[in-house]
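Peer 1: any chance you could fold what I've pasted below:
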Amino acid sequence: MPYEWLPPQGDTQRLHLWPHRSLSPRGFVSFVGGTAALIGVPALALVGSPVLWALLPFLVGAVWAIWFALRKNARDRSILEELTLAPATVHLARHDPQGRRDWEANTHWVQVDCHPTGGPVPNYLTLRGGSREVEIGAFLTEEERRRLRSDLEAHLTALR
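Peer 2: Here you go, the predicted model:
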């Protein structure tokens with residue numbers, strides 16, 4: 001599951017959430033290397049031919065495009081959400097490629113809301129406290145958001 005409750009520190013509980021990462025660094029190297037090898041095998045028949053020089057920029061460009069797309073996807077998916085539940089405040093920090101965003105509210109007033117429809121994803125999960133509502137775990141699957149909602153409600157109830 002792409003979220004975990006860290007060991008509590010006194011009365012404070014912390015939750016880390018992150019998106020699924022299906023391609024490891026080793027898998028990335030294997031995929032790009034395998035793609036380059038599969039593209040290179042048919043090009044071996046053209047060794048010594050001027051046609052190889054005409055095709056070579058396109059073959060190298062195809063491998064580069066795959067490498068670039070996979071690296072960009074990995075950068076875009078480097079998201080970490082840190083939720084801290086303390087007796088006085090709830091703090092959510094989201095770290096992503098665009099920077100860091102923070103949200104804080106009084107623990108007593110925080111509500112966990114699930115929007116089955118109308119959000120960007122089914123069972124859209126939000127935290128509401130004060131005048132501001134923020135999303136949490138939008139990158140999780142629908143079932144994971146349901147489980148997270150019940151976990152959050154149980155932890156918040158225990159804190160109050």
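Peer 1: show me how the chain divides into domains.
Peer 2: The chain breaks down into these domains under automatic domain parsing: 3-20+79-159, 25-76.
Peer 1: dump those domains to TSV, plus mean neighbour count.
Peer 2: (Glycine included, C-beta is placed from N, CA and C.) Listed next are those as TSV, based on neighbours: other CB atoms under 10 Å:
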stretch	mean neighbour count
domain 3-20+79-159	15
domain 25-76	12
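Peer 1: by mean pLDDT, show me the worst of these.
Peer 2: Of all these, domain 3-20+79-159 carries the lowest average pLDDT, namely a mean of 87.
Peer 1: other SSEs contacting the lengthiest helix in the chain?
Peer 2: Longest helix in the chain, counting residues (DSSP state H): helix 50-76. Contacts defined by 3 or more CB pairs under 8 Å, 6 or more residues apart in numbering; DSSP states H and E place helix 50-76 against helix 25-43.
Peer 1: export the helix it packs on as PDB, just CAs?
Peer 2: This file holds the C-alpha atoms of helix 25-43, laid out as PDB (Å, rounded to 0.1, in the frame of the first residue of the first chain):
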ATOM      1  CA  PRO A  25      15.800   2.300 -11.400                       C
ATOM      2  CA  ARG A  26      17.000  -1.100 -12.300                       C
ATOM      3  CA  GLY A  27      13.900  -1.700 -14.400                       C
ATOM      4  CA  PHE A  28      14.400   1.600 -16.100                       C
ATOM      5  CA  VAL A  29      17.900   0.700 -17.200                       C
ATOM      6  CA  SER A  30      16.700  -2.800 -18.300                       C
ATOM      7  CA  PHE A  31      13.900  -1.300 -20.300                       C
ATOM      8  CA  VAL A  32      15.800   1.400 -22.100                       C
ATOM      9  CA  GLY A  33      18.800  -1.000 -22.700                       C
ATOM     10  CA  GLY A  34      16.400  -3.700 -24.000                       C
ATOM     11  CA  THR A  35      14.700  -1.200 -26.300                       C
ATOM     12  CA  ALA A  36      18.000   0.000 -27.700                       C
ATOM     13  CA  ALA A  37      19.100  -3.600 -28.300                       C
ATOM     14  CA  LEU A  38      15.900  -4.500 -30.100                       C
ATOM     15  CA  ILE A  39      16.200  -1.400 -32.300                       C
ATOM     16  CA  GLY A  40      19.800  -2.100 -32.900                       C
ATOM     17  CA  VAL A  41      19.400  -5.800 -34.000                       C
ATOM     18  CA  PRO A  42      17.700  -4.900 -37.400                       C
ATOM     19  CA  ALA A  43      20.200  -2.100 -37.900                       C
END
